[in-house]
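Chemist: Sharing a sequence plus its predicted fold:
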Amino acid sequence: MSVELSLLGKETDYPTTYQPEILFPISRAPAREQYADIDGIYKGKDWWHVFEISWLNLKGIPQVAIGRITLPASSPNLIESKSLKLYFNSMNFTAFESQDAFIATVEKDLSQAAQADVTLRLFQVDELDIAKPQGICIDDQQPDRLLNHPDASLLALDESALAESVEVQLYSHLLRSNCPVTGQPDWGTVFIRYQGKKPCYRSVLAYIISYRQHNGFHEQCVEQIFADIWQNLKPEKLMVYATYTRRGGLDINPCRVSDETWMPSPIRLARQ
């Protein structure tokens, strides 16, 4: 379905009755056309943290939790975020016989929208730990040039170490892009685990900064970053994982890998 037909950016009423039909799937295929032959964009997961989950038990008492949704990168569809928010709000006044029944209902509805197996794990509201980023922060690098839109030509190898092969995890807190429908800014920390000829850290930071005025969904930005690094720096292995800040009670955390053994565990950072 075309995102123009979604509720994103439109004034809407919040439903008070269970409405699974409000979920709005968006095909991944159009955004993937330019790098459809890169296997890694189909490997990985999209993790969503949902901070506004509530339903009723059979006595009518509200239950609350934090949820982690896991959606496979191989799914034909992603799910538009505002529709997901409205979907969960539609369950606030619906009674379920147990937490397991609530989870089963959500997994069925989201799997149908994504056309793939989607899972939900619930946490108590004070249970989800805050992690610290691991690796080398490149935010103090001084790029040679800065652009306002993604340009893969910014990426370069370290010319002083062309014979050197490395395995390294870099990260930057400076990822910023815009929602392609509303224009609202999306902020995130991006992790790049890399094995191959040593990249120029200044060039990687310049490339990340170049997304500051780019319009793209979280998942699409991560896949473009993965594809551009894969095609231009030609690593042996690659992981790109972005932890975006929360908007509308949701944060989205896409991860793409060239090798399934490089799949990280999902984390939650302090600014999420």
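Modeler: Good, I have the coordinates.

Chemist: any weak-confidence spans in this protein?
Modeler: By pLDDT under 70, the weakly predicted segments of the chain are 1-12.

Chemist: residue ranges for the helices of it, please.
Modeler: Here the chain has its helices, by DSSP state H, at 29-32, 81-89, 99-114, 201-209, 218-233.

Chemist: Mind putting those helices into CSV with mean neighbour count?
Modeler: For the C-beta atoms, the positions are set from N, CA and C on the backbone; glycine is no exception. As requested, the helices of the chain are arranged in CSV below (neighbours: other Cβ atoms under 10 Å):
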stretch, mean neighbour count
helix 29-32, 15
helix 81-89, 21
helix 99-114, 18
helix 201-209, 22
helix 218-233, 22
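
Chemist: right, and these - which one's nearest K59?
Modeler: Nearest to K59 among those is helix 99-114 (14.1 Å), distances taken as Cβ to Cβ.

Chemist: one step back: just put the helices of the chain in a markdown table and tack on distance to S265.
Modeler: What follows is the helices of the chain, written out as a markdown table (distance: least, Cβ to Cβ, whole Å):
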| stretch | distance to S265 |
| --- | --- |
| helix 29-32 | 26 |
| helix 81-89 | 23 |
| helix 99-114 | 20 |
| helix 201-209 | 23 |
| helix 218-233 | 17 |
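
Chemist: for those, which one sits closest to M263?
Modeler: Comparing those by Cβ to Cβ, helix 218-233 comes nearest, at 13.3 Å.

Chemist: Okay, angle between that closest one and helix 81-89 too, please.
Modeler: 140 degrees (axes from the mean of the first three to the mean of the last three Cα atoms, to 10 degrees).

Chemist: by contact count, what packs against helix 218-233?
Modeler: helix 29-32, strand 165-178, strand 185-197, helix 201-209, strand 237-244, strand 250-257 (3 or more Cβ pairs under 8 Å, 6 or more residues apart in numbering; DSSP states H and E).
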